[in-house]
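S.K.: Predicted model follows, preceded by the sequence.
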Amino acid sequence: MKPTLLSHKFLATSLFAVGITTAINAAQSEPIMSSALKLDSASIISSASSVPFLSPMMVEDSNKGEKYHPVDDPMAVVDQTLSRAMANGKKALVILGANWCHDSRGLAARVDEPEMAKVIEENYEMVFIDVGPLKNGKDITRRFGLPIFYATPTVLVIDPKTETLVNADDMHQWRNADRISLEDSVDYFNRMADRNVADYMRHKDTSTDPELKALMDQIDAFEAQHVARIEKGYEIVGKMVAMPADERPDELGTYWGQVRKLRWTFPEDMAALRKDVRDRFAAGERDIKIKLPSFETYDWEKASDE
């Protein structure tokens, strides 16, 4: 295919890449870890340098992976996907992302590869949901027990009968979707297709012990506070991105990088905290005191309070 110059509509996405660069600078001293991929700062820099939005450049196919399109009622589309999955004895695969996002488009393009297409066709009813400038889709994630989408893409594998999110434990790896190999992608979706919901739930914490429940409620309340912070960050940077290109404030790159840092680290911190409490409780410890993590106040929060 003849290379083509990036069209004007992709220039807005370069601003998001500026934020990625900001996050990289911080990552050089504090590597970001994923349950599926362990990325040191060099890997992150390599990933960002491969993003085809840093500046107008030559690309093989400027439309590749553009599967995220706005619809009038995204929840109705999800309902239809669940109904098809139920009728056909499959799981529902709901992918929230955006055409401005390198990893969202990378995953969307990969599902068209023959090996992936076969797995999806045989095991899933799939739909792509456009989150726009980080403002759509939160009602969908909350429906399936996730307080917010922490990344683009966010991959939800759902049992249509119980609406159980069966990949809750390892879904956040898909924030690095474009760096996950085709082989690993095929393996993942094969495993999720075979995951038995009843067996999966038996390994989840379903204890009704009042002390453990109170501890988990404490963590849930803490998470809700910080989800509100992330939502505010999405609102601020989303409005900036929606502005005409020549009117966007200089702070957008910095703000985006800070929001990205929080939304990347926070869900893993919460997962680790819940696991620590469950393990300590299972080992017989009682009167557990939770040490909640602390997070700095970012520039976009200071500005919004002025």
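M.R.: Yes, it's here. Numbers count the residues shown, from 1 in each chain.

S.K.: can you map out the helices along the stretch 201-306 of the chain?
M.R.: Ranges of helices in the stretch 201-306 of the chain, per DSSP state H, counting those that start in this stretch, are 210-242, 252-282, 299-305.

S.K.: Mind putting the ones you listed into JSON lines with mean pLDDT, mean neighbour count and distance to residue 126?
M.R.: Where you see a C-beta, it was placed from the backbone N, CA and C, and this is true even at glycine. What follows is the helices of the stretch 201-306 of the chain, written out as JSON lines (pLDDT from 0 to 100; neighbours: other CB atoms under 10 Å; distance: least, CB to CB, whole Å):
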{"stretch": "helix 210-242", "mean pLDDT": "94", "mean neighbour count": "16", "distance to residue 126": "25"}
{"stretch": "helix 252-282", "mean pLDDT": "93", "mean neighbour count": "18", "distance to residue 126": "23"}
{"stretch": "helix 299-305", "mean pLDDT": "85", "mean neighbour count": "13", "distance to residue 126": "34"}
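
S.K.: just the strands in the stretch 1-150 of the chain please.
M.R.: For the stretch 1-150 of the chain, the strands defined by DSSP state E, counting those that start in this stretch cover 4-5, 58-59, 91-97, 124-130.

S.K.: CSV please, covering these and showing mean neighbour count, distance to residue 156 and mean pLDDT.
M.R.: Below are the strands of the stretch 1-150 of the chain laid out as CSV (neighbours: other CB atoms under 10 Å; distance: least, CB to CB, whole Å; pLDDT from 0 to 100):
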stretch, mean neighbour count, distance to residue 156, mean pLDDT
strand 4-5, 12, 33, 39
strand 58-59, 14, 29, 33
strand 91-97, 25, 4, 98
strand 124-130, 22, 9, 98
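
S.K.: Would you format the ones you listed as a markdown table with distance to residue 80 included?
M.R.: Conversion of the strands of the stretch 1-150 of the chain to a markdown table gives the following (distance: least, CB to CB, whole Å):
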| stretch | distance to residue 80 |
| --- | --- |
| strand 4-5 | 35 |
| strand 58-59 | 33 |
| strand 91-97 | 10 |
| strand 124-130 | 8 |
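
S.K.: ok, the residue positioned nearest the centre of the chain - contacts?
M.R.: Averaging the C-alpha coordinates of the chain gives a centre point, and the residue nearest to it by CA atoms, centre = their mean is residue 151 (2.4 Å). Residue 151 makes contact with 103, 172, 174-175, 263-264 under the criterion CB atoms under 8 Å, 6 or more residues apart in numbering.

S.K.: change it to 10 Å
M.R.: Remark: with contacts taken as CB atoms under 10 Å, 6 or more residues apart in numbering, residue 151 is in contact with 96-97, 101, 103-104, 171-177, 260, 263-264, 267.

S.K.: how about the nearest residue to residue 212, chain neighbours excluded?
M.R.: residue 281 (5.1 Å; CB to CB, 6 or more residues apart in numbering).

S.K.: Residue 130 too?
M.R.: residue 68 (4.0 Å).

S.K.: Residue 122 is nearest to which of the helices of the stretch 201-306 of the chain?
M.R.: Proximity of those to residue 122 was assessed by CB to CB; the nearest stretch is helix 252-282, lying at 30.1 Å.
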